[in-house]
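Engineer: Fold the following for me, if possible:
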Amino acid sequence: YPFAAIIGQEDLKLCLTLCAIDPSIGGGLIRGDKGTAKSTAARGLAHLLPKIEVGYDSRSGALDPYNQSPSADSDDHDNGEEASAPRRYDESRYINTPFVDLPIGATEDRVLGSIDFSATLKGGGKPVFAPGLLAAANRGVLYVDEVNLLPAHLVDVLLDAAAMGVNTVQREGMAMTHPANFFLIGTMNQ
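Structural biologist: Below you'll find the model as predicted:
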């Protein structure tokens, strides 16, 4: 549903528009009665956001899973000694600004990222990091519907990552830090 077609809700539209203009605002919490276009407005905003340029590996056909700009420093991935090395991208592509919907039942590993056990076994036991939803939301929007139903420890994780702009994961002797610059939109019923 188009963002511009939402009638009324001027404060809601202003808040979302300001977040789109200046993501450093950090996001917003949208609270209202059922049926007041909270989710519709947030999802409609995604179609108005500009495309972003990300790294692309022409050999494998893979986009950077962290949605980093091709001009980003290679230090944006701070891999621990045992973590897999970041890919080098020889091209770039333009993609829609990420709009990541965080499911209510998401686990901490799904949100933060964890070890990709299949790739780790195929690689001879060297830990390989599987990026989570925070990596997918980098340079975009992380949307949480019914944020009040999210477990408190996940709310803490989201707020920490949003405030710091990075996500650090430590699992099984592996440490991985990656950018997590997103604006957070949460909705809840009154």
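
Engineer: residues contacting the most centrally placed residue in the chain?
Structural biologist: With distances taken as C-alpha atoms, centre = their mean, the residue of the chain nearest its centroid is residue 137 (1.5 Å). With contacts defined as C-beta atoms under 8 Å, 6 or more residues apart in numbering, residue 137 is in contact with 98, 100, 180, 182. C-beta: built from backbone N, CA, C; applies to glycine.

Engineer: Wait, the second one touches residue 133, no?
Structural biologist: To tie it back to what came earlier, the one meant is residue 100. Yes. Residue 100 lies in contact with residue 133 (C-beta atoms under 8 Å); the separation is 5.4 Å.

Engineer: and for those two, which residues touch both?
Structural biologist: residue 142.

Engineer: on that earlier part again, now the residue nearest to the centre of the chain: how far from residue 179?
Structural biologist: 10 Å (C-beta to C-beta, to the nearest Å).

Engineer: For those two, list the residues in contact with both.
Structural biologist: Residues touching both residue 137 and residue 179 (C-beta under 8 Å, 6+ apart): there are none.

Engineer: Give me the longest strand you can find in the protein.
Structural biologist: strand 182-189 (DSSP state E).

Engineer: Provide the contact partners of that one at residue level.
Structural biologist: 16, 19, 23, 25-34, 38-39, 42, 98, 100, 134, 137-148, 158-159, 162.

Engineer: got it, and stretch 16-33?
Structural biologist: Residues contacting stretch 16-33 (C-beta under 8 Å, 6+ apart): 3, 12, 15, 38, 41-42, 45, 48-49, 141-142, 147, 162-163, 181-190.

Engineer: try 7 Å
Structural biologist: For stretch 16-33, contacts defined as C-beta atoms under 7 Å, 6 or more residues apart in numbering pick out 12, 15, 38, 41-42, 45, 48-49, 147, 162, 183-190.

Engineer: Any quick PyMOL command for the buried ones out of those residues?
Structural biologist: Here is the PyMOL selection string for the buried members of these, based on 16 or more other C-beta atoms under 10 Å:
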select buried, resi 12+15+38+41+42+45+49+147+162+183+184+185+186+187+188
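
Engineer: Of the contacts of residue 137, which belong to strands?
Structural biologist: Using DSSP E, these in strands are 100, 182.

Engineer: Quick check: the residue lying closest to residue 34 once chain neighbours are set aside vs residue 20, distance?
Structural biologist: Nearest non-adjacent residue to residue 34, counting by C-beta to C-beta, 6 or more residues apart in numbering: residue 189, 5.7 Å away. According to C-beta to C-beta, residue 189 stands 24 Å off from residue 20.
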